[in-house]
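*Asks:* Predicted model follows, preceded by the sequence.
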Amino acid sequence: MDALHLNDKNFETEVLKAQGPVLVDFWAEWCGPCKMIAPIIDQIAGELAGKIKVAKLNVDESADLAGQYNVMSIPTLLIFKNGQVVDQIVGAMPKDRLLAKLNSHL
């Protein structure tokens, strides 16, 4: 299962008004580390389906949203609960470490 693709139009509905936790991957096409973790993000979307919503936001297409959440370097992963950021991960990390971080919010 692939991650949901976010944009300026669906961000509020899919993330801020979501029931339960949402992982948002802020990425860009030209970002090497972003491409490195992309398959991991998609795997997590499948493995944790029903427990956490997994979504991706292209910072080049939604620069205002990236700025609103102070995303200075990518990949940046933000975990939202009830419309608020509850955790932040900057840079690529192995799947097991990422899952451990996510599990603390489930």
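*Replies:* Right, received. Where do you want to start?

*Asks:* If you count residues, where's the longest helix of the protein?
*Replies:* Counting residues, the longest helix found in the chain (DSSP state H) is helix 32-47.

*Asks:* so after that one, what's the next helix or strand?
*Replies:* strand 53-58 (DSSP states H and E).

*Asks:* Regarding the residue most central in space within the chain, what is its secondary structure?
*Replies:* Closest residue to the average C-alpha location of the chain: Val24 at 1.7 Å, with CA atoms, centre = their mean. Classification of Val24 using DSSP: H, G, I helix; E, B strand; the rest coil returns strand.

*Asks:* thinking again about what came up before, any idea of the mean pLDDT in the longest helix of the chain?
*Replies:* For helix 32-47, mean pLDDT rounds to 95.

*Asks:* Please list the residues outside that helix that contact it.
*Replies:* 1-4, 23, 25, 27-28, 52, 54, 56, 74-75, 91-93, 95, 98-99, 102 (CB atoms under 8 Å, 6 or more residues apart in numbering). Backbone N, C-alpha and C define where each C-beta goes, glycine included.

*Asks:* So how do I select the buried members of those in PyMOL?
*Replies:* The buried residues among these can be selected in PyMOL (16 or more other CB atoms under 10 Å) with this line:
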select buried, resi 3+4+23+25+27+52+54+56+74+75+92+93+98+99+102
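
*Asks:* All set now, cheers.
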